[in-house]
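J.: Kindly return the folded structure for what I paste below:
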Amino acid sequence: MSDARTPAQIEADIVRRREQLAVTLDEIGVRMHPKTIIGDAKAKVASTVDETAGRAFVAVNRMVTDVRARFVDEQGAPRLERVVPVALLAVGVIGLMAASSSRRRKH
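T.: The predicted structure is shown next:
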């Protein structure tokens, strides 16, 4: 068998390669089009925001669960030995703020 190709085979090969090149150039054109680049960037940002929001939700949920566990027992009843001091502290801070505010108004 000979490795020689006929002119028809060569022409067919050239046509096939041109078609492949045209497809490749079209793909590059689509990828490099500004709308495609902007769309890809938007998708990446949205994905990052979703991921960050998900992490934040998990972290906040964990903190709320930890704080709740400090002030409520396993049955859901308040732990008075912890709730009362915090409530007294909050009332004291609010009282100080109110007193400070009324002093400012008098002057």
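J.: Output the lowest mean pLDDT helix or strand found in the chain.
T.: The helix or strand of the chain with the poorest confidence is helix 80-106; it has a mean of 89 (mean pLDDT, DSSP states H and E).
J.: Pass me the low-pLDDT residue ranges in the protein, would you?
T.: By pLDDT under 70, the low-scoring segments of the chain are 1-2, 107.
J.: And the helices in it?
T.: Listed in chain order, the helices of the chain (DSSP state H) span 7-32, 34-71, 80-106.
J.: The first one: which residues count as buried?
T.: Of all the residues in helix 7-32, not one is buried under the rule 16 or more other CB atoms under 10 Å. Every C-beta, even on glycine, is put in place using the N, C-alpha and C of the backbone.
J.: Please renumber the chain so that the first residue is 23 from this point on.
T.: In the new count, where the first residue is 23, that last one comes out as helix 29-54.
J.: count of residues packed around residue 93?
T.: For residue 93, the neighbour count with other CB atoms under 10 Å is 13.
J.: wait, doesn't it sit right on residue 104?
T.: Yes. Checked against CB atoms under 8 Å, the pair residue 93 and residue 104 is within contact range at 5.4 Å.
J.: list the contacts for residue 95?
T.: Residues in contact with residue 95, defined by CB atoms under 8 Å, 6 or more residues apart in numbering, are residue 101.
J.: Equivalent analysis for the one 5 residues further on, please.
T.: Going by CB under 8 Å, 6+ apart, residue 100 touches 93-94.
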